[in-house]
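Trainee: Next one to model:
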Amino acid sequence: MEQRMLPCREPLPPVAGSRVLVLGAGKCGLAASRLLHKAGAEVILSDSKSLDHLPEEVIQLQKLGIQIETGGHTLPANTGLIMRSPGVPKHIEVLRQAREEGVAIVSEIEVGSWFCAPRIIAITGTDGKSSVVTMVNQALNSSGWKSVEAGNIGTPLCEVVFDDCGRKHDFVVVEVSSYALENTYHFHPFVSVILNVAEDHLDHYESFEEYAETKGAIRRNQTEEDFLVLNAQDQWCLRFAEKSAATVRWFSLDDHGRDGAFLSESTVVYREGRSERTRHISLQDWFRHQKENLLASVVTTVLCGSEMESVVDALGQFRGLPHRIEFVRQLRGVTFYDDSKATTPHATQAALKSMERPVILIAGGDAKGTDITSLRPFIQEKVKSLVLLGKSRDLFVERFSDCVECQKVDSMQQAVTEAFLKAKKGDVVLLSPACSSLDMFRNFEQRGQIFKEAVATLL
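Mentor: Numbers count the residues shown, from 1 in each chain. Have a look, this model is predicted:
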């Protein structure tokens, strides 16, 4: 008989013996269903798609005795708990009914945290999350700790803890989106990191303030024995510090006058009280946002017990993840960069600030209700031509055609061809869309890959 999964953390809503409805049969829903079933719950996995449009893993869950509901969601009688996957809209009828009946609604990271024995490092922010998760995880492992990544970066937290409750690890480094932070109540990171907060997902939230406060929920259950790592140059981070019970540490490129890390030319300075430790690092070809990610990672990893000097040495070898201002090719003096991960205006601002040469910018996609007008000063200063595709291309023309040449195209191949025709020796062709990819592509990775393939065909 399979050994039942036991919780590591309290308090908990009832699990063993409870009827649990899991909404959404994506990766998070599948992982949570397996975990909750192993914990002794009666699990019903529900998805709006038909069964033939769901992964093969759903069939395997049926063999375990997990019930499957397809084609829509209903609320079974005596449901004690609902796990809502991040992609499931928060105002659908079954959730409205559950709230009226007082049924608890939780997120996947909330469920995973109940069974997670290692200390949790949770990283959020509008931009930079995946890079910092990767950097922190690599630095911890290089320092002798046993660490693993989870969350938005690819593997749900429930999946990480499923096999052995994560007991073979010292830390789990979790990338946490605003969607994942909804419906969290007892999620309790040892270190929480908020990298930045800028407009995003305004098609999902009623206001920017609601989105920002959802990000800030990452610190809700922290105590003075925990740590909150914040960007000293972000106004929302300054607000979060005022209402935090955790011990706050800071990072920024300039000396912020507080405990934490900053840069002094090519030296990382880590301040703790009256003492300062320093380590030289070669930052040639590092962009501004990469330096900020480095500093956030240094602070986080040192708080976990690693030596500052060895952390800086290890992170100095990091060269970024794919599709984050990734060098693609240089052809006839024109340099191509793939920044497909830039799904917000804030991310595209960071990319443009990093460019020192004239830019032909490929942008567009689904703006998701965000105000792209914030890009205007950066486009005026850096961009000589805009090549636009996707659902929001007309919006870009409306906002920017008075200050920069705009051309609409119908495909990524056409965008690359037209951008190269406009470029001169010494220019940069930058894919940094400032928009979601889902109107034309499966995800930002596919968008970036198609961009690279189009660049490779240029002669």
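Trainee: So which residue is dead centre in this protein?
Mentor: residue 129 (4.4 Å; C-alpha atoms, centre = their mean).
Trainee: ok, for it, nearest residue in space, not its chain neighbours?
Mentor: residue 175 (4.8 Å; C-beta to C-beta, 6 or more residues apart in numbering). Yep, even glycine has a C-beta here, placed from its N, CA and C like the rest.
Trainee: Please work out how many residues are found near that neighbour.
Mentor: 24 (other C-beta atoms under 10 Å).
Trainee: With residue 65 instead?
Mentor: When neighbours are counted by other C-beta under 10 Å, residue 65 comes out with 9.
Trainee: Give me the neighbour count for the closest residue to it other than its chain neighbours.
Mentor: Excluding its sequence neighbours, the residue lying closest to residue 65 (C-beta to C-beta, 6+ apart) is residue 37, at 7.3 Å. Close neighbours of residue 37, defined as other C-beta under 10 Å, add up to 21.
Trainee: residues touching the residue nearest to residue 129, list them.
Mentor: Applying C-beta atoms under 8 Å, 6 or more residues apart in numbering, we find residue 175 in contact with 123-124, 129-130, 133, 149-153.
Trainee: next one: residue 420
Mentor: Counting by C-beta under 8 Å, 6+ apart, residue 420 makes contact with 331, 334, 429, 458.
Trainee: For it, what is the enclosing helix or strand?
Mentor: Residue 420 is part of helix 412-422 when elements are defined by DSSP states H and E.
Trainee: who does the following helix or strand past that helix pair up with?
Mentor: As assigned by DSSP H and E, the chain's next helix or strand after helix 412-422 is strand 428-431. Strand 428-431 has its sheet partners listed here by DSSP bridges as strand 334-338 (parallel), strand 359-363 (parallel).
Trainee: returning to that earlier point: what about the contacts of residue 420, which one has the most neighbours?
Mentor: residue 429 (28 neighbours).
Trainee: That one contacts residue 362, doesn't it?
Mentor: Yes. If you go by C-beta atoms under 8 Å, residue 429 and residue 362 touch, sitting 7.0 Å apart.
Trainee: Are there residues contacting both of these two? Which ones?
Mentor: If you check residue 429 and residue 362 against C-beta under 8 Å, 6+ apart, the residues they both contact are 416, 419.
Trainee: if we can go back for a sec, tell me the angle the helix holding residue 420 makes with strand 359-363.
Mentor: 160 degrees (axes from the mean of the first three to the mean of the last three C-alpha atoms, to 10 degrees).
Trainee: For helix 412-422, buried residues please.
Mentor: 412, 415-420, 422 (16 or more other C-beta atoms under 10 Å).
Trainee: And stretch 329-346, by the same measure?
Mentor: 334-346.
Trainee: ok, so of the contacts of residue 420, who is nearest residue 251?
Mentor: Nearest to residue 251 among the contacts of residue 420, counting by C-beta to C-beta, is residue 429 at 31.6 Å.
Trainee: Would you mind naming the residues that bridge with the closest one?
Mentor: Residues in beta-bridge contact with residue 429 (DSSP bridges): residue 336, residue 360.
Trainee: Find me the pLDDT at it, would you?
Mentor: Per-residue confidence (pLDDT) for residue 429: 98.
Trainee: Residue 164 too?
Mentor: Reported pLDDT for residue 164: 67.
Trainee: ok, the residue lying closest to residue 156 once chain neighbours are set aside - contacts?
Mentor: Of all residues not flanking residue 156 in the chain, residue 31 sits nearest, at 4.0 Å (C-beta to C-beta, 6+ apart). Going by C-beta under 8 Å, 6+ apart, residue 31 touches 108, 112, 156-159, 162.
Trainee: Specify which member of those is nearest to residue 205.
Mentor: Using C-beta to C-beta, residue 108 comes nearest to residue 205 of the contacts of residue 31, at 19.1 Å.
Trainee: burial measure for that closest one, as a count.
Mentor: 29.
Trainee: From residue 101, how far off is it?
Mentor: 22 Å (C-beta to C-beta, to the nearest Å).
Trainee: buried residues in stretch 124-133?
Mentor: For stretch 124-133, by 16+ other C-beta under 10 Å, it's 124-133.
Trainee: Tally up the residues packed near residue 400, please.
Mentor: 22.
Trainee: Equivalent analysis for the one 5 residues further on, please.
Mentor: The local packing of residue 405 (other C-beta under 10 Å) involves 13 other residues.
Trainee: Need the pLDDT of it.
Mentor: Value for residue 405, per-residue pLDDT: 97.
Trainee: can you check residue 13 too?
Mentor: On the pLDDT scale, residue 13 gets 76.
Trainee: which ones are touching it?
Mentor: 80-81, 104, 106.
Trainee: Against which helices or strands is the lengthiest helix in the chain packed?
Mentor: Counting residues, the longest helix in the chain under DSSP state H turns out to be helix 288-303. Packing partners of helix 288-303 (3 or more C-beta pairs under 8 Å, 6 or more residues apart in numbering; DSSP states H and E): helix 129-142, strand 191-194, strand 227-231, strand 247-251, strand 260-264, strand 267-272, helix 308-315, helix 345-354.
Trainee: got the CA positions of it in PDB?
Mentor: In PDB, the C-alpha atoms belonging to helix 288-303 read as follows (Å, rounded to 0.1, in the frame of the first residue of the first chain):
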ATOM      1  CA  ARG A 288      21.700  47.000 -16.500                       C
ATOM      2  CA  HIS A 289      18.900  44.600 -15.600                       C
ATOM      3  CA  GLN A 290      21.400  41.700 -15.500                       C
ATOM      4  CA  LYS A 291      23.500  43.600 -12.900                       C
ATOM      5  CA  GLU A 292      20.300  44.200 -10.800                       C
ATOM      6  CA  ASN A 293      19.500  40.400 -11.100                       C
ATOM      7  CA  LEU A 294      23.000  39.600  -9.900                       C
ATOM      8  CA  LEU A 295      22.700  41.800  -6.800                       C
ATOM      9  CA  ALA A 296      19.300  40.400  -5.900                       C
ATOM     10  CA  SER A 297      20.800  36.900  -6.200                       C
ATOM     11  CA  VAL A 298      23.800  37.800  -4.100                       C
ATOM     12  CA  VAL A 299      21.700  39.100  -1.200                       C
ATOM     13  CA  THR A 300      19.300  36.100  -1.300                       C
ATOM     14  CA  THR A 301      22.000  33.500  -1.400                       C
ATOM     15  CA  VAL A 302      24.100  35.100   1.400                       C
ATOM     16  CA  LEU A 303      21.000  35.200   3.600                       C
END
